[in-house]
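[1] Compute the structure for the input listed below.
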Amino acid sequence: MTAALPRASDCLEALAAAFDRNTVLIADDIPVRNMADTCFLPRVKPLAVVRPDTPQGVATALRICSEHGMPVVPQGGLTGLAGGAHPIEGAVALSLERLQGIEEIDARSATMTVRAGTPLETIQKAAEEAGFFIPLDLGARGSCAIGGNLGTNAGGNRVIRYGMAREMVLGIEVVLADGTLVTSLNKMLKNNAGYDLKQLFIGSEGTLGVITRAVLRLQPQPGCTMAALCGIDDYDSVVRLLGAARNGLGPLLSAFEVMWPDYWHAATERVAGIRKPVEGQHAFYVLVEAQGLDEALDGQRFQNWMEAQFEAGLIADAAVAQSKADALAFWRTRDAAGEFQTVLGPHCAFDIGLPVAEMDNFARTCRQRLHDEVSGCYSVYYGHIGDGNLHIVALVEGAVEQPGKEINRVVYETVRRFGGTISAEHGIGTVKKPYLPFSRTPEELALMMRLKRALDPQGILNPGKVIDLPIAE
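    Okay, the predicted model is just below:
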């Protein structure tokens, strides 16, 4: 530690000389919000918080930290659940909260150029005002930043139609560990001029570089949105309904969300302001959303499809949205998970991927194992089943400290048994890193390490996240 102290002091002096006092925060000026993300790990006070408001400022900060061998933890909206933006003691937190703004909306190329710290909801509203649509959507839309969305390759509610976050990115600007600013703000849908470098950084969780700007591909604004919340009697009917939606609605299908009864009870009975669109007890609750261009034509098509599913016996009960307010009310049952921290307290949140056919078997097995192996453990299940993504919330209610290691072990061992992935859309960060070999081969892990060494030879970018590369002395 004695050798590290002068290095830290020199780094802080260099940062203070390069930026004003509003950009470099130290000691008591460090905000509490920068001491943790949303993963329930204990707060950590970083050495400093640096808040550049330009891409060049990010490059300067990283160059200075690189010259002094100081570790850097990139931070955005701090809504991540895997600890990817969680600070590290003795490291500099590089916050992009001031790097906000929509630089351009190009209607002719149907693109939007944005800065990395811009909240997702701001981008959604700007696209809507310009007559376009940003399909990426998730519960933390009001506070998550687009840079973090891309850094984790966020999925969200409409992957079944539009794909993951990487599908909406045409160009990117990134700062490398040594402070090199690489600007590749491509607007062309077809561009095979060499390696597609942006894909190195999308989903890398700030371990290979820090995203500063991006060119997003805009979609046509839907002319109408149809939604139904259905009560289903068994999981076989859920899977058959998904197949029927893919075949009968085709490209109109934009979301297929499934909620197990344990989740439904937590959402509708314990979260204030959530009403039940369908009454009675059902084995599953399914939210189906479709987006079209012509309300008269596509609305009738959706209605006909719903009637056909009733006649086929796949749906026991359903409520069909008659207005935008109805559709939003349906989505509130699904977005209620965002309130679980308040109503359930600290918990372990999981974001796994599985073959669709195995999801209910997995849920049954995992629920029973948690009950048997973790005393007092309560778990709920829900997710984007249409794209193979299941979410789990598990906790021991009232516990002073959650038995996270035991809960993680049970869940991830069960994921491995069922041949799934430990992370479908939230990233690896710190929390899931010990279990990455459950979903990746030794050869894949070795290649990840080779990329990390090539782009960050000192190991200063988000150290300890995703993979381990010791910080060079």
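[2] helices or strands up against the lowest-mean-pLDDT helix or strand in the chain?
    Lowest by mean pLDDT, DSSP states H and E among the helices and strands of the chain is helix 4-18, with a mean of 86. Counting by 3 or more C-beta pairs under 8 Å, 6 or more residues apart in numbering; DSSP states H and E, the packing neighbours recorded for helix 4-18 are strand 24-26, strand 48-50, helix 55-67. All C-beta spots, glycine's among them, are computed from the backbone N, C-alpha and C.
[3] The last one versus helix 4-18: what angle between them?
    The directions of helix 55-67 and helix 4-18 differ by 160 degrees, with axes from the mean of the first three to the mean of the last three C-alpha atoms, to 10 degrees as the criterion.
[4] Determine the set of other helices and strands touching helix 55-67.
    helix 4-18, strand 72-75, strand 92-95, strand 169-175, strand 181-184, strand 210-217.
[5] what's in contact with the fifth one?
    So the one you mean is strand 181-184. Residues outside strand 181-184 that contact it (C-beta atoms under 8 Å, 6 or more residues apart in numbering): 55-56, 58-59, 171-176, 197-198, 209, 212-213.
[6] and the helices and strands packed on helix 4-18, which is most packed in?
    strand 48-50 (a mean of 25; mean count of other C-beta atoms under 10 Å).
[7] In its sheet, which strands sit next to it, and in what direction?
    Taking DSSP bridges as the criterion, strand 48-50 pairs within the sheet with strand 24-26 (antiparallel), strand 92-95 (parallel).
[8] and the helices and strands packed on helix 55-67 as a markdown table, adding distance to residue 24 and mean neighbour count?
    Below are the helices and strands packed on helix 55-67 laid out as a markdown table (distance: least, C-beta to C-beta, whole Å; neighbours: other C-beta atoms under 10 Å):
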| stretch | distance to residue 24 | mean neighbour count |
| --- | --- | --- |
| helix 4-18 | 5 | 15 |
| strand 72-75 | 13 | 27 |
| strand 92-95 | 9 | 27 |
| strand 169-175 | 17 | 25 |
| strand 181-184 | 19 | 16 |
| strand 210-217 | 17 | 26 |
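[9] helix, strand or coil for residue 393?
    Under DSSP: H, G, I helix; E, B strand; the rest coil, residue 393 falls in the strand class.
[10] Please tell me I have it right and it contacts residue 348.
    Yes: when contacts are counted by C-beta atoms under 8 Å, residue 393 is listed as touching residue 348 (7.4 Å).
[11] Enumerate the positions of stretch 376-388 that are buried.
    Using 16 or more other C-beta atoms under 10 Å as the test for burial, stretch 376-388 gives 377, 378, 379, 380, 381, 382, 383, 384, 385, 386, 387, 388.
[12] So what does the first one look like in phi/psi?
    Think residue 377. Note on residue 377: backbone dihedrals following degrees, to the nearest 10 are phi -80, psi 130.
[13] so what's the closest residue to it other than its chain neighbours up against?
    Nearest residue to residue 377, sequence neighbours excluded (C-beta to C-beta, 6 or more residues apart in numbering): residue 370, at 4.3 Å. Counting by C-beta under 8 Å, 6+ apart, residue 370 makes contact with 377, 379, 394, 407, 410, 411.
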